[in-house]
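1. What shape does this take:
(one chain, ligands or ions: 1)
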Amino acid sequence: MAEPKALRCVTCGREFPPWSVDYFCPRCGFPAGNLEVLYDRDKPLRRFPDPARFSLWRYGELLPVGEEHAVRLRAGGTPLYPWAQAAEELGLGALWIKDDTLQPTASCKDRGTAVTVAVAKRLGRKALACASTGNAASSLAGFCAAGGVPCYIFVPKNAPAPKIAQLVAFGAFVFRVDGNYDQAFALALAASQEFGWYNRSDGLNPMVVEGNKTVAFEIWEELGDVPEAVVVAVGDGAVIAGVCKGFLELREAGLAPRVPKVFGVQAAGAAAVAHAFARFQRGAPILPAEEPAETLADSIRVGKPADVVKAVKYVAETGGGYVTVSDPELLSAARELARRAGVFAEPSGAAPYAALLRLVREGALGQKDRVVLIITGSGLKDPQGVTRDLPEPPLIRPDLRAVREAVERCA
Ligand SMILES: [Zn+2]
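-> I've put the predicted structure just below:
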């Protein structure tokens with residue numbers, strides 16, 4: 001385990017001793033003053049120990065807290081499936097699906113939560129809180145349930161019912177906020193400061209990115225190399241910040257010779273990070289952004305992305321970029337992924353596939369490229385989001401003739 005050396009403000013570069021500040025640089029404020037976790041390693045890493053162990057705690061050398069503080073749910077160790085048929089059709093060198101829906105609470109958020117809850121325990125915090133469009137909330141609720149820690153959750157009123165159901169089942173104290181995600185986020189922050197809760201919200205707590213980065217370690221280990229490109233959906237920016245930081249740290253630690261291009265995908269109606277990236281490419285500074293957010297993909301319906309600075313800066317460091325896709329493209333990607341790859345993702349989870357089709361069409365990726373799509377959230381989180389407009393299965397009499405008739409009708 002490597003204790004952090006310091007926390008550094010992403011905007012002014014000021015450094016703080018580890019654990020001296022929870023969320024952001026007081027001079028730059030939030031979100032411009034978001035913090036990144038730095039480590040001090042005297043010798044390069046050769047490899048990670050215990051490759052047969054499927055848990056992100058294997059990567060303790062690059063995590064801010066030791067496993068002795070972890071709760072028992074197992075985060076990390078998700079499968080990487082080759083998808084040769086699609087690679088061939090699209091004219092790619094190779095294509096894989098990193099199925100991060102197979103986590104304890106069925107989304108990639110469990111990586112950040114595992115580390116953040118362990119940090120809370122390490123610091124002796126008595127309760128946790130977060131705002132979330134749904135997945136980070138159910139993740140925190142699950143890990144707090146396993147750890148016997150109280151947790152307070154703020155969700156926007158339009159969060160899908162299955163995500164609320166998870167929260168209630170895990171016994172979290174749930175506030176449904178009569179407002180959008182950005183309002184729920186601000187309220188969770190104010191309440192955490194008022195009541196002393198440790199806040200796990202994406203883009204606020206720098207420890208979340210430390211957990212999120214482990215997906216990069218897993219991809220690198222399983223492939224024995226880094227791919228040319230990795231594609232992932234972006235809401236607040238904390239997941240893509242983690243993906244990039246993971247690959248950048250592998251290079252810095254001497255484990256990987258280069259980093260992949262990391263591409264973020266946003267819904268066209270909720271594209272504040274993509275727009276901030278475009279402004280940055282034209283030479284403008286990265287400023288906190290605020291835009292309207294409308295998309296059927298609730299997990300990435302974010303108008304004020306909290307981790308925008310890291311999400312722009314790190315992606316630029318990898319040489320990647322941003323893609324926006326329409327809601328119909330998201331929906332069709334989710335259905336195609338389910339039908340052709342057997343992976344049932346929520347619309348945001350399938351966004352990388354929608355983006356890949358565009359990147360190939362526009363010539364940004366091709367024959368030389370080996371690509372990984374990170375699928376971030378299960379379709380069971382929002383089943384109606386994916387199956388809307390699809391016909392209902394036929395109702396039949398309980399006899400064989402009815403089966404034959406139904407099969408003939410379909411043929
Ligand atoms: Zn600062």
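
2. Could I get the full set of strands for the stretch 301-411 of the chain?
-> Assigned by DSSP state E, counting those that start in this stretch, the strands in the stretch 301-411 of the chain fall at 321-325, 370-375.

3. so which of those strands is the most packed in?
-> Each of the strands of the stretch 301-411 of the chain was scored by mean neighbour count; the highest is strand 370-375, a mean of 27, by mean count of other Cβ atoms under 10 Å. C-beta: built from backbone N, CA, C; applies to glycine.

4. tell me which strands and helices it is in contact with?
-> If contacts are counted by 3 or more Cβ pairs under 8 Å, 6 or more residues apart in numbering; DSSP states H and E, strand 370-375 sits against strand 94-99, helix 214-223, strand 229-233, helix 351-361.

5. Give me the distance from that strand to the chain's centre.
-> 13 Å (Cα atoms, centre = their mean, to the nearest Å).

6. Now the helices and strands packed on strand 370-375 in JSON lines, please, with extra columns for mean neighbour count.
-> Shown next, in JSON lines, are the helices and strands packed on strand 370-375 (neighbours: other Cβ atoms under 10 Å):
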{"stretch": "strand 94-99", "mean neighbour count": "23"}
{"stretch": "helix 214-223", "mean neighbour count": "22"}
{"stretch": "strand 229-233", "mean neighbour count": "28"}
{"stretch": "helix 351-361", "mean neighbour count": "24"}
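
7. Can you tell me how far Ala268 is from the ion?
-> Distance of Ala268 to the ion, computed by Cβ to the ion, to the nearest Å: 32 Å.

8. ok, now Val407?
-> Remark: distance between Val407 and the ion (Cβ to the ion) = 65 Å.

9. who touches that residue in this structure?
-> Counting by Cβ atoms under 8 Å, 6 or more residues apart in numbering, Val407 makes contact with nothing.

10. Dihedrals phi and psi, the residue nearest to the spatial centre of the chain?
-> Centrality entry for the chain: nearest residue to the mean C-alpha point is Val239, 3.5 Å, by Cα atoms, centre = their mean. The phi/psi pair for Val239 (degrees, to the nearest 10) reads phi -70, psi -50.

11. Without its sequence neighbours, what residue ends up closest to it?
-> Spatial nearest neighbour of Val239, excluding adjacent residues (Cβ to Cβ, 6 or more residues apart in numbering): Asn212 at 5.4 Å.

12. distance of that neighbour from the ion?
-> 22 Å.

13. Do I have it right that that residue meets Val243?
-> Yes. Asn212 sits in contact with Val243 when judged by Cβ atoms under 8 Å, with a separation of 6.9 Å.

14. Looking at the two, which has the bigger crowd around it?
-> Val243 (34 against 30; other Cβ atoms under 10 Å).

15. thinking the more buried one is in contact with Thr214, fair?
-> No. Look at Val243 against Thr214 with Cβ under 8 Å: they stay out of range, at 9.9 Å.
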